[in-house]
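> model this:
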Amino acid sequence: MSTKPTLCVAIITLNEERRIEQCIRSAQFADQIIVADSGSSDNTVALAAAMGAAVHSYPDWQGFGEQRTRLFKHCNADYIFFLDADEVIPPELEKEITDIVRSGANGVWEVLWNQVAYGKPLTRMKSTGGIPRLFRADNLIGYEGLVHEAAVLKDKSVPVFKLKARLFHYSRETIYGSLQKLAQYAQLGALKRAKKGKKGGVLRGFASALANFLQLYVFRRGFLCGPEGFLFCFFIALECFFRYAMIEYDKDTLGVSTKRG
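I've put the predicted structure just below:
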């Protein structure tokens, strides 16, 4: 790169008026902030624009992968960091990202979450793993997948690094919001698995839910985070259960032919 490398922060939104200002404020160090709005009916678009973000409207939802790909097409920087509207970049992570961009290094950088659930940071809970978020723009083609989408790279052999500082994730603020998110993610997860020919059913759902709950609550130390930690792990387990139940009992809604399992 002959000039100083630049950074774009890219955000997907849908009715995020409660969180979008805090999210964008934490990304103000970037050279470009872009938003792909998925058809918000609240003040998300106006608030994002007022914060200086370039907002692009894509209300015809086709999954997280497609929405991130659409967003990437508006990137005019050398690096791109994908940020969700319910996330906040703390100062220590800002510095780490800035140093990487200035270096001009090539690679993929994963970030860990500090979960904040029901008003409490779950700092004693072990993170669930790294999520690729920072890329060289010239090595990224786009994304694929309805949910838990994956980046498609031109050069897959580039090294993968893990950022030391963590991203704050305000994923579950209320029980009502958690129930809404449960329905959305369970359906998307069911559709993704049904298209791959996965079988559904109550027993498969129960086995998946139990395995995930034990993994999060016991082995990743959710039990150390009090009632908030229990609720966080329990809702994720419920999502696991209902995605397999939906494969079996919501065939018409999913629009995918599946066999009884």
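
> gap between Glu144 and Ala36?
As defined by Cβ to Cβ, to the nearest Å, Glu144 lies at a distance of 16 Å from Ala36. Quick note: C-beta positions are derived from backbone N, CA and C, even for glycine.

> and the two? which has more neighbours close in?
Ala36 (22 against 15; other Cβ atoms under 10 Å).

> And the pLDDT at the more buried one?
Model confidence at Ala36, given as pLDDT, is 97.

> Are there helices or strands packed against the host helix or strand of Ile97, and which ones?
When elements are assigned from DSSP states H and E, Ile97 belongs to helix 91-103. With contacts taken as 3 or more Cβ pairs under 8 Å, 6 or more residues apart in numbering; DSSP states H and E, helix 91-103 sits against strand 7-13, strand 79-84, strand 108-111.

> Rebuild these as a markdown table, extending it with mean neighbour count, distance to Ile175 and mean pLDDT.
Output for those, formatted as a markdown table (neighbours: other Cβ atoms under 10 Å; distance: least, Cβ to Cβ, whole Å; pLDDT from 0 to 100):
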| stretch | mean neighbour count | distance to Ile175 | mean pLDDT |
| --- | --- | --- | --- |
| strand 7-13 | 24 | 23 | 97 |
| strand 79-84 | 23 | 21 | 97 |
| strand 108-111 | 20 | 27 | 97 |
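
> how about TSV for these, with distance to Thr253 added?
Formatted as TSV, those follow (distance: least, Cβ to Cβ, whole Å):
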stretch	distance to Thr253
strand 7-13	24
strand 79-84	26
strand 108-111	34
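
> now for those strands, which one comes closest to Phe213?
strand 79-84 (23.7 Å; Cβ to Cβ).
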